[in-house]
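> build me a model:
(chains A and B)
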Amino acid sequence: MLKHIETYFERHKIQFWIFNIIVIVSLLKIFQMFAYPETHFKEVFTKDNMRFLFFGRPGEIGGLALTFGLAVISIFLSFIIGSVFGIARWSSIKLFKIPAIIYIELLRATPLLMVIFWVFFAIPVFSMAFFHTQAHISPTVAAIIAFTLFTSAYVAEIVRAGINSIPKGQFEAAKSMGFNNTQTFILIILPQAYRKMIPAFVSQFVALFKDTSLAYTIGVIEFFRAATIINNRLYLSFEIFSFVALVYFSIAFSMSKFSHMLEKKVEKQLNA
Amino acid sequence: MGYEFDWSVLIEYKSLLIQGLVTTIKLSVLGIFFSFLIGSVIGIGRASKNFWLSLFASYYVESFRNIPLIVQMFFIYFTFTLSQIFPFLNSWGNFLGLHDVDAFFSALIALILYTGAYIGEVVKAGINSVPKGQFEAAQSLGMNKFQVMWYIVYPQAIRIIIPPLTSQFLNLIKNSSLAMTLGVAELTFATQQIDAETFRGFEAATAVTILYIVLTLSTSFLMNLIEIKFSKGVKNA
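Predicted coordinates for the structure are as follows:
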């Protein structure tokens, strides 16, 4: 009997996903009945609360919209900075290579929370020390800087791995066609390397999307902080945090599935 | 007027920093131990041929991997009073010398669940990388499934997965800084406290960053030693 179901699910993907969703929902329901018999979801799901959770206060960007904004801006900036550091790390010129190694290793050995605090504390201090002015930095900007610094170290490693994965023959072929070094790198190597890197970038974006919840600590009103603010008012932590977890899960999970799909697609393209 | 650095706060508040370091080490050691246990179980489930076992293991992995750690911590901390549900945690807390048993164990459990999911994936990859012939050879020697796993496959898999496992352990050490948000007095919390008392957040943050780097570097050094020990007498294929 079970074998039949197994083969059925292997053939029918959509039914399999529906089955998964039903199982997970019923598991969650059983868990809730044991752990937290009385729930007040109605008080959480009011129109104002939802508005605050997803778009922030009227007149400013907050909530889930800000979470996405933080993630997208930071991944874009760290894509640029990370590429520079990654290429420097890959190059054989010591003047570029050693600073890149120091930067990457330093940031990868530090917790993100520490980076956020460091940026938040350090920018006013540096502006006092070097420019002799008081700097007023908004928490959102500090968070973007911290995420960019942190993620660019990881992106740099992805870029380096991507460039390393290009076969040597490509360099030699380009040279024999009369390209010089810069042309080879920009026209031949980078386009191929970036195509290979796309899945890794998407999964880095998923990680960053989850990590944006840490901006909570310096007072950025993104999705998670909005949820804690509502929690402080209503004190319905089970309802609120399970909802928050569900939203984060559904977004992150669908993006990681997407990255998995891309990976297969890129593999197929490269093998063809 | 420039900013004058005052590193003497670090000496003044060194007991706070040392306490923080000790708490971080407690969290990390307990977390590494238990998340490795959970991760091994989940990983074996993930790699198993049984469709249903691997399905349920993948439920675990996907759900804990895709929810931010801080959300898990807050969920556990605010929804459950762990010291009432599991009274033995109080005595454990006494043994470990904790001030806030609930916060510490909420953070620890969230860390274990989160990292366990990642380690499960690593273990699965390790088991899958053991050649099939090893399973068959062991079975033809008359071992049962458990024996095959325990004596033949798992030891080989462990040797292969040490480098990715190390990076997961380092992630756990770094993620333990999130316990600060629940009020566990660990290293990052010490930074906040020093900043609140003296406005010397920059110096404190620098010192704590260096401490974290020392911690992660020494952990990876230790794991390197373990790797050398495990790979003794094994041909590098």
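> for the chain, what spans make up the helices?
Went with chain A since none was named. For chain A, the helices defined by DSSP state H occupy A:2-11, A:13-35, A:41-44, A:47-55, A:63-90, A:94-108, A:112-126, A:139-164, A:168-176, A:181-183, A:190-211, A:223-234, A:237-271.
> let's do chain B instead
B:8-12, B:14-47, B:51-65, B:69-79, B:82-85, B:88-96, B:101-128, B:132-140, B:145-147, B:154-175, B:187-198, B:201-230.
> okay, those helices in TSV with distance to residue A:168, mean neighbour count and mean pLDDT next?
C-beta coordinates here come from the backbone N, C-alpha and C atoms, glycine included. Compiled in TSV, the helices of chain B are given as follows (distance: least, C-beta to C-beta, whole Å; neighbours: other C-beta atoms under 10 Å in any protein chain shown; pLDDT from 0 to 100):
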stretch	distance to residue A:168	mean neighbour count	mean pLDDT
helix B:8-12	50	14	83
helix B:14-47	35	19	92
helix B:51-65	36	18	90
helix B:69-79	41	23	92
helix B:82-85	56	14	86
helix B:88-96	54	13	87
helix B:101-128	28	23	93
helix B:132-140	32	12	89
helix B:145-147	45	11	86
helix B:154-175	25	19	90
helix B:187-198	45	21	87
helix B:201-230	29	17	88
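> any chance of those helices in JSON lines, plus distance to residue A:81?
Formatted as JSON lines, the helices of chain B follow (distance: least, C-beta to C-beta, whole Å):
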{"stretch": "helix B:8-12", "distance to residue A:81": "31"}
{"stretch": "helix B:14-47", "distance to residue A:81": "29"}
{"stretch": "helix B:51-65", "distance to residue A:81": "27"}
{"stretch": "helix B:69-79", "distance to residue A:81": "25"}
{"stretch": "helix B:82-85", "distance to residue A:81": "42"}
{"stretch": "helix B:88-96", "distance to residue A:81": "41"}
{"stretch": "helix B:101-128", "distance to residue A:81": "26"}
{"stretch": "helix B:132-140", "distance to residue A:81": "44"}
{"stretch": "helix B:145-147", "distance to residue A:81": "50"}
{"stretch": "helix B:154-175", "distance to residue A:81": "21"}
{"stretch": "helix B:187-198", "distance to residue A:81": "25"}
{"stretch": "helix B:201-230", "distance to residue A:81": "20"}
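> so which of those is nearest residue A:123?
The closest of the helices of chain B to residue A:123 is helix B:201-230. By C-beta to C-beta, the value is 9.7 Å.
> what helices or strands is that closest one leaning on?
In terms of contacts (3 or more C-beta pairs under 8 Å, 6 or more residues apart in numbering or on different chains; DSSP states H and E), helix B:201-230 is packed against helix A:112-126, helix B:8-12, helix B:14-47, helix B:154-175, helix B:187-198.
> give me that answer again for 10 Å
helix A:94-108, helix A:112-126, helix B:8-12, helix B:14-47, helix B:154-175, helix B:187-198 (3 or more C-beta pairs under 10 Å, 6 or more residues apart in numbering or on different chains; DSSP states H and E).
> possible to save these as a markdown table with distance to residue B:142?
As requested, the helices and strands packed on helix B:201-230 are exported to a markdown table (distance: least, C-beta to C-beta, whole Å):
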| stretch | distance to residue B:142 |
| --- | --- |
| helix A:94-108 | 47 |
| helix A:112-126 | 51 |
| helix B:8-12 | 63 |
| helix B:14-47 | 21 |
| helix B:154-175 | 18 |
| helix B:187-198 | 52 |
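> show me the one of the ones you listed that comes nearest residue B:93.
Distance to residue B:93, taken as C-beta to C-beta, is lowest for helix B:14-47 among the helices and strands packed on helix B:201-230, at 10.7 Å.
> sorry, back to before: which of the helices and strands packed on helix B:201-230 sits closest to residue A:22?
Closest among those, using C-beta to C-beta: helix B:14-47, at 20.9 Å.
> okay, the angle between that closest one and helix B:101-128?
Going by axes from the mean of the first three to the mean of the last three C-alpha atoms, to 10 degrees, helix B:14-47 is angled at 40 degrees with respect to helix B:101-128.
> tell me what angle helix B:14-47 forms with helix B:187-198.
Calculated by the same axes, to 10 degrees, helix B:14-47 forms an angle of 150 degrees with helix B:187-198.
> tilt between helix B:14-47 and helix B:154-175?
Interaxial angle of helix B:14-47 relative to helix B:154-175 (the same axes, to 10 degrees): 140 degrees.
> could you dump the helices of chain A to TSV with distance to residue B:74?
Shown next, in TSV, are those (distance: least, C-beta to C-beta, whole Å):
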stretch	distance to residue B:74
helix A:2-11	35
helix A:13-35	15
helix A:41-44	15
helix A:47-55	15
helix A:63-90	16
helix A:94-108	26
helix A:112-126	15
helix A:139-164	18
helix A:168-176	49
helix A:181-183	50
helix A:190-211	14
helix A:223-234	7
helix A:237-271	6
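> got TSV for those helices, with mean neighbour count and mean pLDDT too?
Shown next, in TSV, are those (neighbours: other C-beta atoms under 10 Å in any protein chain shown; pLDDT from 0 to 100):
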stretch	mean neighbour count	mean pLDDT
helix A:2-11	11	81
helix A:13-35	11	87
helix A:41-44	13	83
helix A:47-55	15	88
helix A:63-90	20	93
helix A:94-108	15	91
helix A:112-126	22	84
helix A:139-164	22	93
helix A:168-176	12	88
helix A:181-183	10	86
helix A:190-211	19	89
helix A:223-234	20	90
helix A:237-271	16	88
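> reformat those helices as a markdown table; add distance to chain B.
As requested, the helices of chain A are exported to a markdown table (distance: least, C-beta to the nearest C-beta, whole Å):
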| stretch | distance to chain B |
| --- | --- |
| helix A:2-11 | 5 |
| helix A:13-35 | 7 |
| helix A:41-44 | 14 |
| helix A:47-55 | 13 |
| helix A:63-90 | 10 |
| helix A:94-108 | 7 |
| helix A:112-126 | 4 |
| helix A:139-164 | 11 |
| helix A:168-176 | 23 |
| helix A:181-183 | 33 |
| helix A:190-211 | 4 |
| helix A:223-234 | 6 |
| helix A:237-271 | 3 |
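> and these: which comes nearest residue B:17?
Closest to residue B:17 of those is helix A:112-126 (C-beta to C-beta; 13.5 Å).
> show me the domain layout of chain A.
What automatic domain parsing lists as the domains of chain A is A:1-37, A:53-158+A:201-271.
> quick one: the longest one to chain centroid distance?
Taking C-alpha atoms, centre = their mean, to the nearest Å, one finds domain A:53-158+A:201-271 lying 6 Å from the centre of the chain it belongs to.
> looking at the helices and strands packed on helix B:201-230, which is closest to residue A:38?
Among the helices and strands packed on helix B:201-230, the nearest to residue A:38 by C-beta to C-beta is helix B:14-47 (30.3 Å).
> now do that closest one against helix B:51-65, angle only.
150 degrees.
> and the angle for helix B:14-47 with helix B:88-96?
130 degrees.
> how far off centre is stretch B:131-139?
Averaging C-alpha positions (C-alpha atoms, centre = their mean) puts stretch B:131-139 32 Å from its chain's average.
> so for residue B:25, which of the helices of chain A sits nearest?
Among the helices of chain A, the nearest to residue B:25 by C-beta to C-beta is helix A:112-126 (16.1 Å).
> packing partners of that closest one?
On a contact count with 3+ C-beta pairs under 10 Å, 6+ apart, helix A:112-126 meets helix A:139-164, helix A:190-211, helix B:154-175, helix B:187-198, helix B:201-230.
> and with 7 Å instead?
helix A:139-164, helix B:187-198, helix B:201-230 (3 or more C-beta pairs under 7 Å, 6 or more residues apart in numbering or on different chains; DSSP states H and E).
> which residues sit against it?
A:107, A:135, A:137, A:142-143, A:145-146, A:149-150, A:211, A:214, A:217-218, B:3, B:177-178, B:180, B:188, B:191, B:195, B:201-202, B:205, B:208-209, B:212 (C-beta atoms under 7 Å, 6 or more residues apart in numbering or on different chains).
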